[in-house]
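J.: Structure for the following, please:
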Amino acid sequence: MKQVIQGFATALLLAGACMLAFHFTGTPKAEKTETASAAVETEKPSINEMKKELEENDFYVLSNQDYDKLKESQKKAPEKPEKEEPKTYTLKLESGMNSEDVASALEKADIIEDASAFRTYLDITEASESLQVGTYHVSSDMEYKDISKLMTK
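T.: Down below sits the predicted model:
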């Protein structure tokens, strides 16, 4: 068994040496390699063609002067939006109305933005249990706590 393994190892060593010799002494093959860019010819479109293509795809082409004017106009201080007048509403709380009815009425009158948020506020502060029947004048610049204090006096 030992002789068989030695013979196999010798054969591998001899084969490796032969391959190494052929690798270093063999004639190199002349390989022809081409790049993809050499195979494809590119044509540069004219400026007018480029502008036309951009404008067809909803882009705008500005000259440097137009671009500078646009940048300058954007740097100016933005105009302050006019504050809206607070909206007022007369809320009439009647017997049997609950916090959901009150919140939806105030939302419809544009006094509050979110009825469910106001109803949650009334429930958390326990103001929904002590709403008083009456007529109340509320405005859109009032906070939730001010409105609830007004209706629970």
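J.: which residues in this protein form strands?
T.: Using DSSP state E, the strands assigned to the chain run over residues 88-93, 134-139.
J.: what sits up against the last one?
T.: It stands for strand 134-139. The contact list for strand 134-139, computed with CB atoms under 8 Å, 6 or more residues apart in numbering, reads 86-93, 106, 111, 147, 150-151. For the C-beta atoms, the positions are set from N, CA and C on the backbone; glycine is no exception.
J.: change it to 6 Å
T.: 86, 88-93, 111, 147, 150-151 (CB atoms under 6 Å, 6 or more residues apart in numbering).
J.: Buried among those? Make that a ChimeraX selection.
T.: Written as a ChimeraX command, the selection of buried residues from these, which uses 16 or more other CB atoms under 10 Å, is:
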select :91,93,111,147,151
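J.: Tabulate the contacts of strand 134-139 in TSV, adding columns for distance to residue 118.
T.: As requested, these are exported to TSV (distance: CB to CB, whole Å):
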residue	distance to residue 118
86	17
88	17
89	13
90	17
91	12
92	17
93	14
111	9
147	8
150	13
151	11
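J.: can you tell me which two in the contacts of strand 134-139 are farthest apart?
T.: 86 and 93 (20.7 Å; CB to CB).
J.: if we can go back for a sec, between the strands of the chain, which one is nearest to residue 65?
T.: Short answer: strand 134-139, nearest of the strands of the chain by CB to CB, at 50.2 Å.
J.: Off-centre distance for the closest one?
T.: Remark: strand 134-139 is offset 42 Å from the chain centroid, using CA atoms, centre = their mean, to the nearest Å.
J.: Ok, stretch 9-18 next?
T.: The answer for stretch 9-18 is 65 Å, by CA atoms, centre = their mean.
J.: same deal with stretch 53-67?
T.: On CA atoms, centre = their mean, the centre of stretch 53-67 falls 26 Å from the chain's centre.
J.: For stretch 18-35, give the mean pLDDT please.
T.: Here stretch 18-35 scores 73 as its mean pLDDT.
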